[in-house]
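*Asks:* build the 3D model from these lines:
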Amino acid sequence: MPWKYLASSIGLLVLCAAGAVAAEPAGPPAGYELKPEFTEKSPDGATVIEQYGKDDPDNGYSWQFWVRRVDTLQLLEPKPADYPAGFRFTNDAQWLVRMQKTGAGYADVYLYRLGPSGFVAATKKPLSDLAWAYFYSRPESHQHPKPNLHISAGLVKGVVDNYKSLGETWPANRYIVIGLSGELDPTAHHGQTLEVTDWRVRYDLQTGKFDVPADFAANNKKALIPRDLSK
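*Replies:* Next up is the predicted model:
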């Protein structure tokens, strides 16, 4: 290859690399302030989740989530959220769960995994969307009308002790448990009802699959008894 073409190619690569570096955000943009009360640290102390809020008179509050590791600062999600989030690490600090309020009575769950470049999304869709899809794939979900109001998912307490507080003896850092809840809008035939109340499903961090352990049966049976919220 003639030297002038080689030099041109090298120069192009350098420019591309410089552009990629320049595209990386150095930190929260102007207007975003650190809210220390929402800071969460991993069990090994190597990772800190920092939440920054911005009060925009025209668009309301917005939030950014930044991951601080050693001397790096990584934006967890490019799109700002409307509310602060709750975060939980697994005890080995390899997995991160974000519990995100999206509106009054609405909430989603996101899952991230630690990789060479920091925490990245572990699933293409929110983990809560996948959990609801699994719920609707099961026969018991067809016994009642499909919730269409206040659709909410949350992480069931127990990650810290590997769910021993629920009586489980699962391998450490292997599973997380998601609770699903949803209501049905009032109609001419009925008032507003709570159709799903903390229906629980287990997610295997190693295989990426959902299941419902046998000892969830009693809880999940009660979770599918509709409640009239007008009373």
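*Asks:* which residues does the most centrally placed residue in the chain contact?
*Replies:* With distances taken as C-alpha atoms, centre = their mean, the residue of the chain nearest its centroid is Tyr110 (1.7 Å). Listed by C-beta atoms under 8 Å, 6 or more residues apart in numbering, the contact set of Tyr110 reads 77, 97-98, 100, 121, 126-128. All C-beta atoms are positioned from the backbone trio N, CA, C, and that covers glycine.
*Asks:* what are the bridge partners for it, then?
*Replies:* Listed by DSSP bridges, the beta-bridge partners for Tyr110 are Arg98.
*Asks:* hang on, the earlier thing: mind giving me the ChimeraX select for the contacts of Tyr110, buried ones only?
*Replies:* Only the buried entries of those go into this ChimeraX selection, using 16 or more other C-beta atoms under 10 Å:
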select :77,97,98,100,126,127,128
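*Asks:* which of the contacts of Tyr110 lies closest to Pro213?
*Replies:* Leu127 (17.8 Å; C-beta to C-beta).
*Asks:* show me where this protein has its strands.
*Replies:* Remark: strands assigned in the chain by DSSP state E are 33-34, 40-41, 47-56, 60-69, 72-75, 85-89, 95-103, 106-115, 118-121, 149-155, 175-184, 193-204, 210-211, 227-228.
*Asks:* name the residues of the fourth one that come out as buried.
*Replies:* Applying a neighbour-count criterion of 16+ other C-beta under 10 Å, the buried positions in strand 60-69 are 62-68.
*Asks:* please apply the same query to the fifth one.
*Replies:* The neighbour-count criterion (16+ other C-beta under 10 Å) identifies 73-75 as the buried residues of strand 72-75.
*Asks:* quick one: Leu127 from Gly31, how far?
*Replies:* 30 Å (C-beta to C-beta, to the nearest Å).
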